[in-house]
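Undergrad: below: sequence and its predicted model.
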Amino acid sequence: MNPDKIDTSREAAGAEAPQGGTAPATAGSPGGEQPASPPAPAKRQVELRGLSAYYGDHQAVKHVGLYFAATDVTAIIGPSGCGKSTMVRCVNRMHEEIPGARAEGEVLLDGGDLYGPDVDVVAVRRAVGMVFQKPNPFPTMSIFDNVASGLRFTGTARGEVDDRVRKALSEAGLWEEVKDRLGKPGLGLSGGQQQRLCIARALAVDPEVLLMDEPCSALDPVATLRIEELIGELKQRVTIVIVTHNMQQAARVADTTAFMLGGELVEVAPTDKVFTNPDDERTEQYVTGKFG
Amino acid sequence: MESASLPSPLPPVSARRRRADRLARSLLWTATGVAIVPLVLIVFYILSKGLGALSLEFFTTDPTGNFFGDQGGVKSAILGTIEIVGFAALVAVPLGVAVALYLTEYGGNGRLARSVRFFVDVMTGVPSIVFGLFIYLTLVLGGFGGSSFAGWKGSAALALLMLPIVTRSAEVVLQLVPNSLREAALALGAPRWKVTARVVLPSAASGIVTGSLLAIARAAGETAPLLFTATIVKATTFDLNEPMNSLPAQIFQDLKQPNDELVQRAWGAAVTLVAMILIVTLIAKLIQRRSRVQGAP
Amino acid sequence: MRVGLTAVSAAILVLLAYFFVKLTIEAKPVFERFGVFGFVFDNNWDVSKGIYGALPLVVGTLVTAALALLIGVPVAVSVALFLTELCPRRLRGSLTVVVDLLAAVPSVVYGLWAFFFLIPKLKPAEQWFADAFHFIPFVATGNVAGPNYFIAGLILAIMILPIVSAISREVLSTVPPDQKEAALALGATRWEMIRMSMLPYARRGIVGGSMLGLGRAIGETIAVTIVIGDNPILGHSIFDQGYTLAAVIANEFNEAASDPIHRAALIGAGLVLFVLTLLVNSIARLMVLRSERQGAQPTVAAAGEGL
């Protein structure tokens, strides 16, 4: 599952997930479902079925059906408050950490429902990693310890920890820059480096999916570009879902783009189509900047 | 296609981790239970032992000092506590607020302010008996004011105890008053002292009252500083320049007596004292909660 | 107004300095007789013979305070963790109030309750422990005394619980949520998250709070003197009777009124006590201050007063 050489080419879909994950566009189906039946459950494929999320009585995500294909990058765009972060947080079940919050519906990873009755939340989060908006390395730990932190829970052997830290930092494009100062505090890095550190930390536990919640919004343009390159490199290894309010970023990085509004999924289609010829009028208004 | 029937692709969570998590959680629950038990026991115990001692006579007669026969009540102790603590508050609250005002309004971060702040903080840790010792050495030994032991000297020791509490709580509350308020008043041409007196203080008033009440509750329960400043006497007196009784001192004296009735009187006095302190504490918390609800600092 | 307030504040500093000087002067006679080290470290406090070596008192103070920390701090931090992380929301307010109410009980009432309830109730258990674990140093003893070091340490633990818990609670509640989220998102159990992102962050503040509790335990007089047995002989086990610096002052003061050396000795004990608490509290405040600079709110320090 982890090829040593990461193929940056978009065309090489590898032996995994047969389809490229292109679903026909929809014209505002009620409740926002991706109409075409998704491909048969495959490795690293995530499917949301009738997902709704609540904060107390307030419904922030309304019955969303969506799937994220394995070797694709899917971007979720929409104005502030449309529920995109909330929806994504339901995938790794972080949403329920908020007091009074709950989710309904199904989230399938490789066909198994993450909200199933016997599922341990801890296991879900190990398989579905997350990178947050503001880089949040652990302040009391060194760079090495930060990346290794997820591995410590399972009592991984020392030698293996070293290997995996090194691999994760390479995959995050940070190895060369920090290999001589692994013992230094994680906070000593620049913003962009810290975010790549967080990506490495998430990758070290070998997740199948990586959720990125506006990962570049706190970073400068150069660091942003660096991370966008990284996303392209990583997508063969993990299914990537990126929430972004920056439409140009979605256009640069994503194969599929989903547009949300008021908690509903309005449209999901290959990125080109969403930005040049969307089916739904609301989508067109959003991407041409008429609101949001 | 089915969803729930496929084997889970998720990595297993080791049983050891689950056990550790469960163990830790139950330990935390247990610790909280353990922490609450003493309070429950104490309240229950002093009520069961002390309520029986309460009677009209208990509240209206002074201790007679008799070992056998009529031992009397604790009137002088109750009144003494009110007088001594009241006088201490009269001194400590204005002084404490004054120091707090200095620190927030005028001192800023200068060297004097920083030293005062540090030492006031340190003062909160000085044992109350040491304060009693201070007062004993400076006021009692020399027979200052024409008497050796006196109620007001006990007040002085308690005031020393209360001062840092009042100062620190006042400082916290004063700092919460938004600067924009001060600036607006100053911009209107009001002199600094007026701004402080008419704008800042009223805004922080409820917080200051809360802190003072808590300091009072603390002082009312202290025994050690009174042992050699106001000492323990029998008769009720309203003369602060005389030795004066107090509830904690009375309890302390009675509890080790090998006479059940005296011990029972100690329990009754304990109930009274705890009730007084609880009332003051609860009033303070109520004011605090009410001012929070209203959005004031 | 400025001048007045400044004068008052400066006066406080002067007052403290004056008290320190006065204590030292009044204690001088005993230091002259026995030397500073002699006074503090000689193991012989014999009032009848006029010999004043305060070691049993110093040891008693330190032992009871150590017991108080050993028992009290883990419970206090656990309670703080519980209230911040595990407690159901609707219970949180009332449980917090209950824990804080422990601070409202006057120390003489603690002493009263410990004397009549704890001592008799715990004696059998203490005896069993002493017999079963006699191989542990400082535990073995023939007959467990009623009042002893252990009971004093236990009651002190209860008395410092509210202050250590309140400060720990404040510090723990200021752990940035994104730290906690980072740990959870990696697949940590709740306990693992606490260990990884909360405790290291809050460590300095918790230690500072514990030291404040230590200062309180060192200086506590009345509850201790009621339950420690007031025996100026250095015990061999935690279940022996003992004495502390604060207790000796409270107990012997009246009889010392007429004996200048005795009185100076008690004042000397007070001086040692004063210096000890000054030291402990200065360090504690510095630690709490540093944890404040880490980003906690200024109310952390005030939390110790139950505000």
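TA: Looks like it came in fine. On a predicted model such as this, the values are computed, not experimentally measured, just so you know.

Undergrad: can you give me the helices for chain A?
TA: A:84-91, A:121-127, A:143-152, A:158-171, A:175-178, A:191-204, A:221-234, A:247-253, A:271-276, A:281-287 (DSSP state H).

Undergrad: actually the stretch 51-200 of chain C, not the one I typed
TA: C:55-81, C:89-101, C:107-113, C:119-132, C:149-173, C:177-185, C:190-193, C:199-219 (DSSP state H, counting those that start in this stretch).

Undergrad: roughly how far apart are C:L172 and C:S107?
TA: 27 Å (C-beta to C-beta, to the nearest Å). Every C-beta, even on glycine, is put in place using the N, C-alpha and C of the backbone.

Undergrad: returning to that earlier point: for the helices of the stretch 51-200 of chain C, give me TSV that also has mean neighbour count, distance to chain B and mean pLDDT.
TA: Formatted as TSV, these follow (neighbours: other C-beta atoms under 10 Å in any protein chain shown; distance: least, C-beta to the nearest C-beta, whole Å; pLDDT from 0 to 100):
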stretch	mean neighbour count	distance to chain B	mean pLDDT
helix C:55-81	23	3	93
helix C:89-101	14	6	87
helix C:107-113	27	5	92
helix C:119-132	14	10	86
helix C:149-173	27	5	92
helix C:177-185	21	12	93
helix C:190-193	22	4	93
helix C:199-219	24	3	90
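
Undergrad: now the residue nearest the centre of chain B. Nearest residue, chain neighbours left out?
TA: Centroid-nearest residue in chain B, with C-alpha atoms, centre = their mean: B:R218, separated by 2.0 Å. The shortest distance from B:R218 to any non-neighbouring residue, by C-beta to C-beta, 6 or more residues apart in numbering or on different chains, is to B:I165 (6.4 Å).

Undergrad: ok, now which ones touch the one you found?
TA: B:G96, B:T124, B:G211, B:L214, B:A215, B:R218, C:E305 (C-beta atoms under 8 Å, 6 or more residues apart in numbering or on different chains).

Undergrad: confidence-wise, which of the residues you listed comes last?
TA: Here the lowest pLDDT out of the contacts of B:I165 sits on C:E305, with 48.

Undergrad: spell out which parts of chain A neighbour chain C.
TA: A:92, A:94, A:97, A:99, A:122-126, A:129-130, A:132, A:134, A:136-141, A:149-150, A:152-153, A:198, A:201-202, A:205 (C-beta under 8 Å from any C-beta of the partner chain).

Undergrad: give me the buried subset of the residues you listed.
TA: Those of the residues of chain A next to chain C that meet the buried threshold are A:92, A:94, A:97, A:122-126, A:129-130, A:132, A:134, A:136-141, A:149-150, A:153, A:198, A:201-202, A:205, by 16 or more other C-beta atoms under 10 Å in any protein chain shown.

Undergrad: who in chain C is up against chain A?
TA: So chain C meets chain A at C:89, C:176, C:178-179, C:181-189, C:192, C:196-197, C:200-201 (C-beta under 8 Å from any C-beta).

Undergrad: give me that answer again for 10 Å
TA: C:88-89, C:176-190, C:192-193, C:195-197, C:199-201, C:203, C:294-295 (C-beta under 10 Å from any C-beta of the partner chain).

Undergrad: A:G263 and B:L51, how far apart?
TA: 60 Å.

Undergrad: give me the more crowded residue out of those two.
TA: A:G263 (22 against 11; other C-beta atoms under 10 Å in any protein chain shown).

Undergrad: can you tell me which residues contact whichever residue of the stretch 101-250 of chain A sits closest to chain C?
TA: When scored by C-beta to the nearest C-beta, the stretch 101-250 of chain A has A:R126 as its residue closest to chain C, at 3.3 Å. Taking C-beta atoms under 10 Å, 6 or more residues apart in numbering or on different chains as the contact definition, A:R126 lies against A:92, A:120, A:150, A:153-154, A:205-208, B:10-13, C:185-188.

Undergrad: C:S9 now?
TA: Per C-beta under 10 Å, 6+ apart, neighbours of C:S9: B:95, B:98-103, B:106-107, B:112-113, B:115-117, B:119-120, B:167.

Undergrad: would you write a ChimeraX line that selects the buried entries of the residues you listed?
TA: Of these, the buried ones can be selected in ChimeraX as follows, counting by 16+ other C-beta under 10 Å:
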select /B:95,98,99,100,101,102,103,106,107,112,113,116,117,119,120,167
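
Undergrad: go back to the contacts of C:S9 and keep what's next to chain C.
TA: Restricting those to those near chain C - C-beta under 10 Å from any C-beta - leaves B:95, B:98-103, B:106-107, B:112-113, B:115-117, B:119-120, B:167.

Undergrad: what about those residues, which are in helices?
TA: Among those, the members falling in helices (DSSP H) are B:95, B:98-101, B:112-113, B:115-117, B:119-120, B:167.

Undergrad: once you drop chain neighbours, what's closest to residue 133?
TA: I'll assume chain A. Residue nearest to A:Q133 in three dimensions, not counting chain neighbours: A:E214, with 4.5 Å by C-beta to C-beta, 6+ apart.

Undergrad: I was after chain C.
TA: C:V139 is the one closest to C:F133 (C-beta to C-beta, 6+ apart), at 5.3 Å.

Undergrad: and that neighbour, what's its pLDDT?
TA: 76.

Undergrad: unless I'm mixing things up, it is touching C:N148, no?
TA: No. Under the criterion of C-beta atoms under 10 Å, C:V139 is not in contact with C:N148, lying 11.6 Å apart.

Undergrad: more crowded one of those two?
TA: C:N148 (27 against 18).

Undergrad: which ones are touching that one?
TA: C:64, C:119, C:122-123, C:126, C:141, C:154, C:227-229, C:231, C:235, C:237-242.

Undergrad: if we can go back for a sec, only C-alpha atoms, please: export the helix or strand harbouring the residue nearest to the centre of chain B in CSV.
TA: Using DSSP states H and E, B:R218 sits within helix B:201-220. Provided in CSV are the C-alpha atoms of helix B:201-220 (Å, rounded to 0.1, in the frame of the first residue of the first chain):
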residue,chain,number,x,y,z
LEU,B,201,-14.5,51.3,41.4
PRO,B,202,-18.2,51.0,40.8
SER,B,203,-17.6,48.8,37.8
ALA,B,204,-15.5,46.4,39.9
ALA,B,205,-17.7,46.7,43.0
SER,B,206,-19.3,43.3,43.0
GLY,B,207,-16.0,41.5,42.5
ILE,B,208,-14.4,43.5,45.3
VAL,B,209,-17.3,42.7,47.6
THR,B,210,-17.0,39.0,46.7
GLY,B,211,-13.3,38.9,47.5
SER,B,212,-13.9,40.7,50.7
LEU,B,213,-16.6,38.4,51.8
LEU,B,214,-14.3,35.4,51.1
ALA,B,215,-11.5,37.0,53.1
ILE,B,216,-14.0,37.5,56.0
ALA,B,217,-15.0,33.9,55.8
ARG,B,218,-11.4,32.8,55.9
ALA,B,219,-10.6,35.1,58.9
ALA,B,220,-13.6,34.0,60.9
